[in-house]
Every structure is written in structure tokens, then in C-alpha cells.
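**Student:** Here's a sequence, model it:
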Amino acid sequence: MNYLDALENQSLYIFREAFNKIDKLAMLWSIGKDSNVLLWLARKAFLGHVPFPLVHIDTSYKMPEMIAFRDRMAKEWNLNLIVGQNKAALAAGMGPEKGRVVCCGALKTEGLKQTIAAQGFTGVFAGIRRDEEGTRAKERVFSPRGEHAEWDFRDQPPEFWDQFKTDFAPGTHLRIHPILHWTELDIWRYIRRENIPVVDLYFAKDGRRYRSLGCAPCTGTVASTAATIDDIIAELETTKISERSGRAQDKESEDAFERLRVEGYM
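**Tutor:** Here you go, the predicted model:
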């Protein structure tokens, strides 16, 4: 067994443990590379079937290539897809010109909270990784949320030696993070090994590519000549540029991303 097998096995265990313990589950699907690996692992964990809905929070600002990929994969893999949207905020004119953190809070965080409340989900899988951003490094695999989905990063259960607390008081909402222990390089090496489909925006055109995907007005490209998965892996083995360097909302203030996550951001 190699290290990718070990990563995969732990993620499959987390999926199955959550499915056994939590009544009403869903999985967030942002259409990015991590989400697609998460979806691939879910299909492996349950023998080709995903026994819970996928939730995509559509801000209406996503890149058209991402929406086309979402709709194509949902059809090809027969996925139960729920598209959530904060329609009231959009009708009121919410957009990045109001402030990127304000916009993310309204269209992503509130859109997610509304969808969770409407569907009655008690647990949600999310494809975040510790190495992606400092705030996410504070997360737990099984992370309890407050009454209004808020995250108290100062009061999270210990998970020493991969021993996970999965028994919580009735009514507790959980976020479950099956790939929290993976790195960006692990993700791309696994995509190569498993031949997992990804949006082609990740591959360089005219000397630039997207390293992280989000809303079009707030997501920039990085200089790159990586036009294949092998090229991307070789690039990541030597780069000093952070993965989210192209995400404008992270730069609005020093603690912008932490404030978003405390309020329930995915």
C-alpha cells in the first residue's frame, strides 16, 4: 500500500463512519478539484452510488465552464444535485461591488444556511484541506457547528491519533471533512492516478491558469505553463506561490477568511 492508498483508506473510513452516525447528510460540491476528489471518494466508499444529495451553492457569479461541468457530470453520474441560492440577496442587488467579504457572506454562507435549513441536513461533507489556508488548518474532521452554523474554532473536540468524536448532543449540526489531511499535491497525484475529471480551467492557456476556482469577478489566474496534470504536479513541487493567491476575498483584510468561516462559510 502506498501513501495515496493510505490517504484514500482514511477518507473512505470517514465517509462510512459519518454515514453510520449521522441521520441526514449532504455533500457540498463546489466543482473545484478538491470537490471532485471528494465526490470520487464518496462513490468509492459506497460502491459507485452516492447515498446523499450533492449541494452546490450558486452565487450566479460562477464561471460558465464550471456550471457546464457541473451539469454534465450530474447527468453522466446520475447525481442527486440540489442547487441552493440566496435569491433575496441577489434580488436586492448583492454582488462583489458591495465588498467581497460581504458578498461571500450573503451569497455563499447565507445561501448555504438557507439550503441546510430548508432540507433539514444535520451533517454536511466539505472538501477542505488543512494546507490550503491557515484558518482551515484549525479545523477538525468532525466539526460541530452552533445553532446558526457558526464555527467556534476555540472549542473543537481533540482528534489525537486520528481518533474522532462522532457522538454529539441531539440537534448538533456537523461539518465533516474527509480530505482534511490531504495536500494540494496529493490531490493532483490522486487525480492523475484515478483519472478523475476536472474543469479544464486548471490547465494553462497563453501562459496563465487557475490554481483555485471560485466566482469569476473575485478569482484570478497565476502565471504558468502547466498544460497537463504532469505539468501541474511538477510545478507544485517547486512553487513558492500560495494556492489561494488568486482569491481576492482572502486579501480584503488580514482576518477576512477567518471571519467568513466563523460565520459558517464552507
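**Student:** So for Glu254, what's the pLDDT?
**Tutor:** Glu254 carries a pLDDT value of 57.
**Student:** and if you look at the one 4 residues further on?
**Tutor:** The model reports Glu258 with a pLDDT of 65.
**Student:** Then Gly246?
**Tutor:** Gly246 carries a pLDDT value of 67.
**Student:** swap in Arg136?
**Tutor:** If you check Arg136, the pLDDT there is 80.
**Student:** so how many other residues sit close to it?
**Tutor:** Neighbourhood size, Arg136 [other Cβ atoms under 10 Å]: 18. C-beta here means a position set from N, CA and C on the backbone, and glycine is covered the same way.
**Student:** mind checking the backbone torsions on it?
**Tutor:** phi -70, psi -20 (degrees, to the nearest 10).
**Student:** try the one 10 residues further on
**Tutor:** In this entry, Gly146 is assigned phi and psi values of phi -80, psi -180 (degrees, to the nearest 10).
**Student:** Residue nearest the middle of this protein, spatially speaking?
**Tutor:** Closest residue to the average C-alpha location of the chain: Gly127 at 3.7 Å, with Cα atoms, centre = their mean.
**Student:** So Val37 sits against Ile187, correct?
**Tutor:** Yes - applying Cβ atoms under 8 Å, one finds Val37 in contact with Ile187, separated by 5.5 Å.
**Student:** can you give me the helices for this structure?
**Tutor:** Here the chain has its helices, by DSSP state H, at 3-21, 33-45, 64-76, 87-91, 100-104, 110-119, 184-194, 229-236, 256-262.
**Student:** mind checking which of those is nearest Gly171?
**Tutor:** Each of the helices of the chain has some distance to Gly171 by Cβ to Cβ; the shortest is helix 110-119, at 12.8 Å.
**Student:** now that closest one: mean pLDDT?
**Tutor:** Mean pLDDT, computed over helix 110-119, is 94.
**Student:** packing partners for that helix?
**Tutor:** strand 25-28, strand 54-57, strand 81-84 (3 or more Cβ pairs under 8 Å, 6 or more residues apart in numbering; DSSP states H and E).
**Student:** residue ranges with poor pLDDT in the stretch 1-150 of the chain?
**Tutor:** For the stretch 1-150 of the chain, no stretch has pLDDT under 70.
**Student:** let's go with 80 and repeat that
**Tutor:** By pLDDT under 80, the weakly predicted segments of the stretch 1-150 of the chain are 133-135, 146-150.
**Student:** could I get the helices of the chain as CSV with distance to Ala223 and mean neighbour count?
**Tutor:** Below are the helices of the chain laid out as CSV (distance: least, Cβ to Cβ, whole Å; neighbours: other Cβ atoms under 10 Å):
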stretch, distance to Ala223, mean neighbour count
helix 3-21, 29, 16
helix 33-45, 19, 21
helix 64-76, 20, 15
helix 87-91, 33, 14
helix 100-104, 23, 22
helix 110-119, 32, 18
helix 184-194, 17, 18
helix 229-236, 10, 17
helix 256-262, 23, 19
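**Student:** Compare those and give me the one nearest Ala169.
**Tutor:** Nearest to Ala169 among the helices of the chain is helix 3-21 (13.2 Å), distances taken as Cβ to Cβ.
**Student:** just checking, what packs against the closest one?
**Tutor:** Helix 3-21 packs on helix 33-45, strand 123-125, strand 173-176, helix 184-194, going by 3+ Cβ pairs under 8 Å, 6+ apart.
**Student:** one more time with 10 Å
**Tutor:** If you count contacts as 3 or more Cβ pairs under 10 Å, 6 or more residues apart in numbering; DSSP states H and E, helix 3-21 packs onto strand 25-28, helix 33-45, strand 123-125, strand 142-145, strand 173-176, helix 184-194.
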